[in-house]
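Participant: fold the stuff below for me.
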Amino acid sequence: MGKRLRVYGFLILTLLAVFWSSIPAQAAGENDPGPAKIQKEIEEMLVCQDSCGMLVSACDNSTAEYMRGIIKERLAKGEGKDEVLQYFVGIYGEKVLAAPPAKKFNILAWVTPFLAILVGGLFIYTVLDKWVFYNRLEDVRQDAKDELKEKVEIEQYQDQLNQELKKFW
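Facilitator: Below is the predicted model:
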């Protein structure tokens, strides 16, 4: 039993050592992205300005190729991701960005559809609830009227019934 425990312990320690040794290699790769990775990230953040409307990374027309060339050239000059993006925003405006920054009108454009759906849903719920509630209330009122009518009819005839019964008993 002790020998088996040592073997399992050795295997677990070996696996942990392999796991721990692979973490710094992965972290170093993530902290220091190469120019190709940065270029790919920039291409995924830009919309091709030809009429296709696709991301630069997915588009293969001449405009996308031209934009890729500019990205590669600017990265070779030592510019960062933000500087390259600002270059394209300076030329084409914010429409070149796949996800425009959340400020002023952009926030309104993102939030309005969700608010419209929420308000519309609440309106429909309220209208249906009142409609159904009103119909139920009318049914209850009608039932109450019918019961009252029957009670009144029974009371009217109750006296007559009592008199007739007295005659024969």
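Participant: give me the mean pLDDT for stretch 79-88.
Facilitator: The average pLDDT within stretch 79-88 is 91.
Participant: the spatially most central residue of the chain and residue 107, how far apart?
Facilitator: By CA atoms, centre = their mean, the chain has its centre lying nearest to residue 114, at 9.3 Å. Here residue 114 is placed at a distance of 12 Å from residue 107 (CB to CB, to the nearest Å). Backbone N, C-alpha and C define where each C-beta goes, glycine included.
Participant: what do you get for residue 71?
Facilitator: Noted for residue 71: a distance of 28 Å to residue 107, by CB to CB.
Participant: for residue 47, what are phi and psi?
Facilitator: phi -100, psi 130 (degrees, to the nearest 10).
Participant: what pLDDT does the model give the nearest residue in space to it that is not next to it in sequence?
Facilitator: Counting by CB to CB, 6 or more residues apart in numbering, residue 47 lies nearest to residue 98, which is 5.4 Å off, once chain neighbours are set aside. pLDDT for residue 98: 84.
Participant: next: residue 41.
Facilitator: Each residue has a pLDDT score; the one for residue 41 is 91.
Participant: which elements pack onto the top helix by length along the chain?
Facilitator: As assigned by DSSP state H, the longest helix anywhere in the chain is helix 105-168. Contact analysis of helix 105-168 by 3 or more CB pairs under 8 Å, 6 or more residues apart in numbering; DSSP states H and E lists no helix or strand as a packing neighbour.
Participant: averaged pLDDT, it. What do you get?
Facilitator: 82.
Participant: and stretch 48-55, what's buried?
Facilitator: Using 16 or more other CB atoms under 10 Å as the burial criterion, the residues of stretch 48-55 that qualify are 48, 49.
Participant: could you list the domains of this structure?
Facilitator: Structural domains annotated on the chain: 1-32, 34-101, 102-169, as defined by automatic domain parsing.
Participant: which of those has the highest mean neighbour count?
Facilitator: Greatest average neighbour count among those goes to domain 34-101 (a mean of 15), per mean count of other CB atoms under 10 Å.
Participant: quick one: end-to-end length of it, please.
Facilitator: End-to-end distance of domain 34-101 (CA to CA, to the nearest Å): 25 Å.
Participant: can you pull the contacts of the spatially closest residue to residue 67 that is not a sequence neighbour?
Facilitator: Using CB to CB, 6+ apart and skipping the chain neighbours, the partner closest in space to residue 67 is residue 56 (5.1 Å). Applying CB atoms under 8 Å, 6 or more residues apart in numbering, one finds that residue 56 lies in contact with 42, 43, 44, 46, 47, 48, 64, 67, 68, 71.
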